[in-house]
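Asks: the following block contains a protein sequence and its predicted model.
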Amino acid sequence: MADAPRDPAYVAFRYVGRKHRAVEHRRFVTGQGRYAADIQPLGLLHVAVVASPHASARILSIDTSAALAVPGVQAVLTGEEMNPNLEPMLPGVDAPKVKRYPLAQGVVRYAGEWVVAVVAETRAIAEDVSELVEIEYEQLPHVMDPERAIEPGAPLVHPAHGSNVIFRRVFTWGPVAQDCAAADHQLSYRVRWGRSSTVPMETFVVTCDWNDATGPLDVWASIQMPKYPDLLARCLRPSGNAVRVHFDVDVGGSYGVKRGLKHSILVGYLARMLGRPVRFLEDRIENMRGGDMQGPDRIFDVTLAFDTDSTVRSMRMRAVDDIGAYSGRAPLQLGKPVGAVVGPYRIKSVEYDAVSVMTNKTPQEAVRGFGQSPTNYALETRMDRVARFLGLDRVELRRRNMIRKHEFPYLIPSGTTYDSGDYEAVLDKALAAAGHQDLLRERDALRRKGMLAGIGISTCLEPSGGNSAFEPLFNPKNLTTTWMDSCLVRVDLNGAITAIMATSTSDQAHETLVSTCVGEVLHRDPDSIRVIHADSLGALPSNSLVGSRMAIMLGGAAAGAARKLRDKLIRIVAHNMEVPEDSIEWEGGDAVLRDDPTRRLGRDLLVEIAHRRYHQMPEGMEPGLQEKFVWEVPTGGMMPTADSKVQMYPCYSFESHVVLASIDPETARSP
Amino acid sequence: MTQGPATPAAPAHATVAITVNGRLHHRTVEPRTTLVDFLRETLGLTGSHVGCEHDVCGACAVLLDGDPVRACCIFAVQADGMSVTTVEGLAPERGEFSALQDAFCEAHALQCGYCTPGMLIACHDLLARNPNPDEEAIREAIGGNLCRCTGYQQIVDAVELAAAGKVAVHG
């Protein structure tokens, strides 16, 4: 059978989009990865923490004498001793009195909050000794239910803030009241999204080393966090250039949660205090109790306005998110869904009441999807309700309301333009792949056997290319409009190419991404291109692999730097061949005159000219072959409008899921 | 700041002789040192990973006298006189891959790589016992190993690929 003709966009590339082995895999299958826990400086000390058993309590006393008497113990540290020497970690929204430090001081606000850190010669000694620290508490009233926390008289998690509501804003996009009044029906319901986690195989680990003579604080961490070096330096109070985060560590899965700021401040502080390398390696209990593993925890109240012909006209959505006892970027997880608040559906107006509430639960951190998944769940559950109300097939109802292929680019009420899509096609594919009719029969058979069984259908958008545009939307004092990423590409005297990226990867094969893009532009085999990770002091301005952004942002930065390098080479060729720049083509790494392919300038000679023969270079050109490119997020750069509309993220990939789930009603187990 | 005495602890120690990837190591260890900590921190063989430390995730799996075990739930002293194979010892020669390692690369049977050592050990053991496993046998063999990136399908594909001898071994 002859191959089907390829799309011109496919044919235009030689490496991009082709099946290719990831260069990273080679080290992982041979046990030669370099994860943060693999870095073991000589003289390494180990940290264990003592955590609060209470959700809310006053710390009456801490007795560390028994712990300190054990041989091998190097230090026992309390919040009272450490915190005055630190700047607090601040929330992503404007709530400066909601302060957080690595160790509690005076009161504890959730069970699992760290109170004391023990440092010892071995991890085993540190953990043993942590049990010898005597802490006396007096329990205080607590609040665990976010709706109760909003009520007057509820115990305040942070009395200085004056309320348990850390953020609330009601957005109205379009004529919601009019659209609701004009609709045939309105249906209100509640959706509960229980607290979820995205637990990686590797727990969080951070190692810090401090050099008394010169600094800086060297940091190796299993990290996926934008602005991590800057935040760490700010909280530890040295200047920014006194912290050096090494990004050349492999991260054993993150899914958004590898934040670890409080761990890193604590370990950085201890390393400076003791003048020794110090490591904190979470065990699994710590990872799930006090680590940064917990995600959104929401109550949605949704009202839908729709017509008998099944057109959904308008939506009111109230989302109350329980962020727990402290706030990092958690409230902003109500912000990302603004960019896909209507999902794949044509809903003309939306009211979105976003409420972020503090309780005495473990703090919520960023997890995969950054708040989008709960919103998708609320949207799709709603579509099922409407279908049931109208007595219509739920797939059919979805089809009737989906944005059609020819309607893209499509502007949604909250101000974001979806770039492209064909939602019906992907829904059809999912239904076919899952065998929807067979699945229905299987479901019915399970039900006859007494099982609880149901099929979930969901078409979701994945806003991609994170631009953090929710920051100014959720915090008027935050004027962030760029969320750049960067790459530097150089060709050495021997003609080999090295590309430098500026973040760790969570091991999503970013080295392969960069080498593919650079190889594509410069016509060189990607496997011949080495990609390295700069440390934070050597790095160009960059953020992080959040918001499904690296194919777009790091790929764009790498291609951009490679293009600048190619342009420079072309200028050298034009100068030497005395031809116009636009008469030159790039072919397999050599420059060729378009109208006379016998005239060419080979890449070896080009490299030689750029590195050694200044006299053959165009006047004013910098010698050597090295170019950087700092890329702003496409469609970024703008503040929200006065009516709170914003272009969130440049790309909107999409997917459909068809899932049959069953539960044994007696054991609650899924078979 | 409260700082403790600088003298390290001096717990009881035991001497072990353990062969790892064909090489005999004599070392003195604390009796409570787990085999995985011995491999990683005493011998510097960091290919075996620690995920759960309580016999759930399988990232620390190694072969002990040829049988797969969880190195987080065995003490180094229990392996005294025995032979251990870690992920570092699976390739026939330095710079080469075993057919299974090669198939893992080919089928993208990994992303972050953290579970990969344990997966390779489990699958290596399977193929040694059953050179032509069906999908059920493969899923059974990796049933004690967790992966949070792949969803397992590509791992199953890789084992099938290796079993079928369909990957050319890349150095």
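Replies: Structure received. Residues are numbered from 1 along each chain as shown, chains lettered A, B, ... in the order given.
Asks: only C-alpha atoms for contact and neighbour calcs from this point on.
Replies: Noted.
Asks: determine the longest helix present in chain B.
Replies: As assigned by DSSP state H, the longest helix anywhere in chain B is helix B:116-129.
Asks: which other helices and strands contact that one?
Replies: Packing contacts for helix B:116-129, counted by 3 or more C-alpha pairs under 8 Å, 6 or more residues apart in numbering or on different chains; DSSP states H and E, involve helix A:23-29, strand B:61-64, strand B:67-70, helix B:99-106, helix B:135-141.
Asks: distance between stretch A:108-122 and the chain's centre?
Replies: The chain centre lies 27 Å from the centre of stretch A:108-122; the measure is C-alpha atoms, centre = their mean, to the nearest Å.
Asks: sorry, back to before: between the helices and strands packed on helix B:116-129, which gets nearest to A:Pro671?
Replies: helix B:135-141 (15.7 Å; C-alpha to C-alpha).
Asks: go through the helix or strand following that closest one and flag the buried ones.
Replies: Remark: after helix B:135-141, the chain's next helix or strand is helix B:153-163, criterion DSSP states H and E. Buried residues in helix B:153-163, counted by 16 or more other C-alpha atoms under 10 Å in any protein chain shown: B:Gln154, B:Ile155, B:Val156, B:Asp157, B:Ala158, B:Val159, B:Glu160, B:Leu161, B:Ala162, B:Ala163.
Asks: what about helix B:153-163, near chain A?
Replies: No - Helix B:153-163 lies out of reach of chain A by C-alpha under 8 Å from any C-alpha of the partner chain, never closer than 12.2 Å.
Asks: that helix packs against which elements?
Replies: Checking 3+ C-alpha pairs under 8 Å, 6+ apart, helix B:153-163 ends up next to helix B:99-106, helix B:135-141.
Asks: now the first one - C-alpha only, PDB.
Replies: Only the C-alpha atoms of helix B:99-106 are listed here, as PDB (Å, rounded to 0.1, in the frame of the first residue of the first chain):
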ATOM      1  CA  ALA B  99      17.900  -5.700  24.200                       C
ATOM      2  CA  LEU B 100      15.500  -4.700  27.000                       C
ATOM      3  CA  GLN B 101      17.200  -1.400  27.600                       C
ATOM      4  CA  ASP B 102      17.200  -0.800  23.900                       C
ATOM      5  CA  ALA B 103      13.500  -1.500  23.600                       C
ATOM      6  CA  PHE B 104      12.700   0.800  26.500                       C
ATOM      7  CA  CYS B 105      14.400   3.600  24.500                       C
ATOM      8  CA  GLU B 106      12.700   2.600  21.300                       C
END
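Asks: quick one, helices of the stretch 201-350 of chain A?
Replies: Remark: helices assigned in the stretch 201-350 of chain A by DSSP state H, counting those that start in this stretch are A:228-236, A:261-274, A:284-289.
Asks: dump those into CSV; add mean pLDDT and mean neighbour count as well.
Replies: Below are the helices of the stretch 201-350 of chain A laid out as CSV (pLDDT from 0 to 100; neighbours: other C-alpha atoms under 10 Å in any protein chain shown):
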stretch, mean pLDDT, mean neighbour count
helix A:228-236, 95, 20
helix A:261-274, 97, 23
helix A:284-289, 90, 17
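Asks: for those, which one sits closest to chain B?
Replies: Of all the helices of the stretch 201-350 of chain A, it is helix A:284-289 that lies closest to chain B, at 5.5 Å by C-alpha to the nearest C-alpha.
Asks: list the contacts of the closest one.
Replies: With contact meaning C-alpha atoms under 8 Å, 6 or more residues apart in numbering or on different chains, helix A:284-289 is reached by A:Gly112, A:Val199, A:Thr203, A:Phe204, A:Met293, A:Gln294, A:Thr362, B:Gly51, B:Cys52, B:Glu53.
Asks: so which of the helices and strands packed on helix B:116-129 is nearest A:Ile299?
Replies: Checking these against A:Ile299 by C-alpha to C-alpha gives helix B:135-141 as the closest, at 37.6 Å.
Asks: list the buried ones in the closest one?
Replies: Under the neighbour-count criterion of 16+ other C-alpha under 10 Å, helix B:135-141 has B:Ile138, B:Arg139, B:Ala141 buried.
Asks: care to break chain B down by domain?
Replies: B:14-89, B:99-163 (automatic domain parsing).
Asks: can I get these in JSON lines with mean pLDDT?
Replies: Shown next, in JSON lines, are those (pLDDT from 0 to 100):
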{"stretch": "domain B:14-89", "mean pLDDT": "97"}
{"stretch": "domain B:99-163", "mean pLDDT": "97"}
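Asks: could I get these as CSV with distance to A:Glu136?
Replies: Converted to CSV, those look like this (distance: least, C-alpha to C-alpha, whole Å):
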stretch, distance to A:Glu136
domain B:14-89, 30
domain B:99-163, 40
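Asks: report the rounded mean pLDDT for stretch A:12-29.
Replies: The pLDDT scores in stretch A:12-29 average 95.
Asks: please apply the same query to stretch A:203-222.
Replies: For stretch A:203-222, the per-residue pLDDT averages 94.
Asks: could you work out the end-to-end span of it for me?
Replies: Using C-alpha to C-alpha, to the nearest Å, one end of stretch A:203-222 lies 8 Å from the other.
Asks: nearest residue to A:Arg571 other than its sequence neighbours?
Replies: What sits nearest to A:Arg571 in space, not counting adjacent residues and going by C-alpha to C-alpha, 6 or more residues apart in numbering or on different chains, is A:Glu581, at 6.2 Å.
Asks: picking that back up, wait, which of the helices and strands packed on helix B:116-129 is closest to A:Pro141?
Replies: Closest among these, once you apply C-alpha to C-alpha, is strand B:67-70, at 43.9 Å.
Asks: is the closest one anywhere near chain A?
Replies: No - figure legend: strand B:67-70 not in contact with chain A (C-alpha under 8 Å from any C-alpha); closest approach 15.1 Å.
Asks: ok, and what's touching that strand?
Replies: B:Asp55, B:Gly58, B:Cys60, B:Ala61, B:Val62, B:Leu63, B:Ile121, B:Ala122, B:Asp125.
Asks: contacts only, for the last one.
Replies: The contact partners of B:Asp125, by C-alpha under 8 Å, 6+ apart, come to B:Gly66, B:Asp67, B:Pro68.
Asks: what subset of those is buried?
Replies: For the contacts of B:Asp125, a burial check counting by 16+ other C-alpha under 10 Å picks out B:Pro68.
Asks: contacting residues for residue 16?
Replies: All of this is about chain A. A:Thr516, A:Cys517, A:Glu520.
Asks: the chain in question should be chain B.
Replies: Applying C-alpha under 8 Å, 6+ apart to B:Val16 gives the contacts B:His25, B:His26, B:Arg27, B:Thr28, B:Val29, B:Ala76, B:Val77, B:Ala79, B:Asp80, B:Gly81.
Asks: from chain B, how far out is the most centrally placed residue in chain A?
Replies: The centroid of chain A falls nearest to A:Val546 when counting by C-alpha atoms, centre = their mean (2.8 Å). A:Val546 sits 16 Å away from chain B, taking C-alpha to the nearest C-alpha, to the nearest Å as the criterion.
Asks: same deal with A:Tyr418?
Replies: Per C-alpha to the nearest C-alpha, A:Tyr418 is found 28 Å from chain B.
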